[in-house]
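[1] generate a structure from the sequence data that follows.
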Amino acid sequence: MAKGLMMHDEFGVQAVRYYTRFPDEVVERGISIIVERPSRVPHTSLSELLKAIIQAWSTKSFEGSDLLLVTHGNERGLTMRLFPGHRSDARSDNLEVLMSNDSEKDKATKLYLTTAQVRELVDHMDQVRSLKISGIEFRGCNIGRQSRNVGLLKDFLGTNSAAAPDVLSIYGFAIPDVARDSGQMDRWFPCISLSLRTRLFRSKGSTFRISSESGSGWGVRARPLVSRVMICKRSWTPGSKHDWRRYALELSIEELRHQTKARVSTRR
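    Sure thing, here's the model as predicted:
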């Protein structure tokens, strides 16, 4: 089990909704954890994140010893600021400075901080390390593309293990639509018709479609923060339309999250 902490923006709002609905999070193929009590970190920055972790473990209203962190990132590491509104971010190079043996003054000069701010960050880093968090799962774009990022985050937070995705990451909600016929389905999804157990992401990663031999099918067209689910079935029986819509929506979400998240993480 893992405590869930999310960015305090629309990305975090959708992540909280997602893990409230789907707390079972895939971390490796065939292995998952339960995300407990997902919540957002106000004024998200490294300083506020460290405080939120310390607070969460001091009150311990959850059972697990792991942490799942939803945040923005890129190939340089975390993109959150060191302090709210500060010019420097929490990229891996800056975390390395904070962990170094340099003097507080030198660290402050390199990071455009005051010595008091450096002292606060290092003190909170040490407090988080003392919590002995078992493992941390990052959910943020491309953080795991450089294994150095994952290793430095693991060392900075003092966890036994850490993992992060090496692809773009997004959360959203689904709006179901039902096609009138298979022709409309083909216009919505001008891509190859696939068997029920086969998945296809187009080159831009924006279209997903599954069709069965009976002519039933569904697909997902992804847009920022929204995944629009289109469903088509050639022949309806009384009452089956809504059943199929619900089944296709839930199964497509399950397939998407298991097939993507199980294969795109860098672990240290």
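[2] please make it C-alpha for all contacts and neighbour counts, starting now.
    Will do.
[3] from residue 95, how far off is the spatially closest residue to residue 146 that is not a sequence neighbour?
    Distances taken as Cα to Cα, 6 or more residues apart in numbering place residue 75 nearest to residue 146, at 6.1 Å, with adjacent residues excluded. Counting by Cα to Cα, to the nearest Å, the gap between residue 75 and residue 95 amounts to 14 Å.
[4] who's more crowded, these two?
    Regarding residue 75 and residue 95, a neighbour count based on other Cα atoms under 10 Å identifies residue 95 as having more, with 23 against 19.
[5] return the residues in contact with the more buried one.
    Taking Cα atoms under 8 Å, 6 or more residues apart in numbering as the contact definition, residue 95 lies against 152-153, 156.
[6] any idea how far residue 66 lies from residue 107?
    Residue 66 sits 30 Å away from residue 107 when distances are taken as Cα to Cα.
[7] which parts of this protein are helices?
    Per DSSP state H, the chain has helices spanning 10-21, 46-59, 92-99, 104-111, 115-130, 147-157, 182-188, 240-261. These are given in chain order.
[8] let me know which of the ones you listed is tucked in deepest.
    With neighbours taken as mean count of other Cα atoms under 10 Å, the helices of the chain reach their highest mean count in helix 147-157, at a mean of 21.
[9] what angle do that helix and helix 46-59 make?
    Orientation note: helix 147-157 sits at an angle of 50 degrees relative to helix 46-59 (axes from the mean of the first three to the mean of the last three Cα atoms, to 10 degrees).
[10] let me have the helices of the chain in CSV, extended by distance to residue 164 and mean pLDDT.
    Compiled in CSV, these are given as follows (distance: least, Cα to Cα, whole Å; pLDDT from 0 to 100):
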stretch, distance to residue 164, mean pLDDT
helix 10-21, 16, 86
helix 46-59, 17, 94
helix 92-99, 13, 97
helix 104-111, 25, 97
helix 115-130, 19, 97
helix 147-157, 7, 94
helix 182-188, 33, 62
helix 240-261, 10, 46
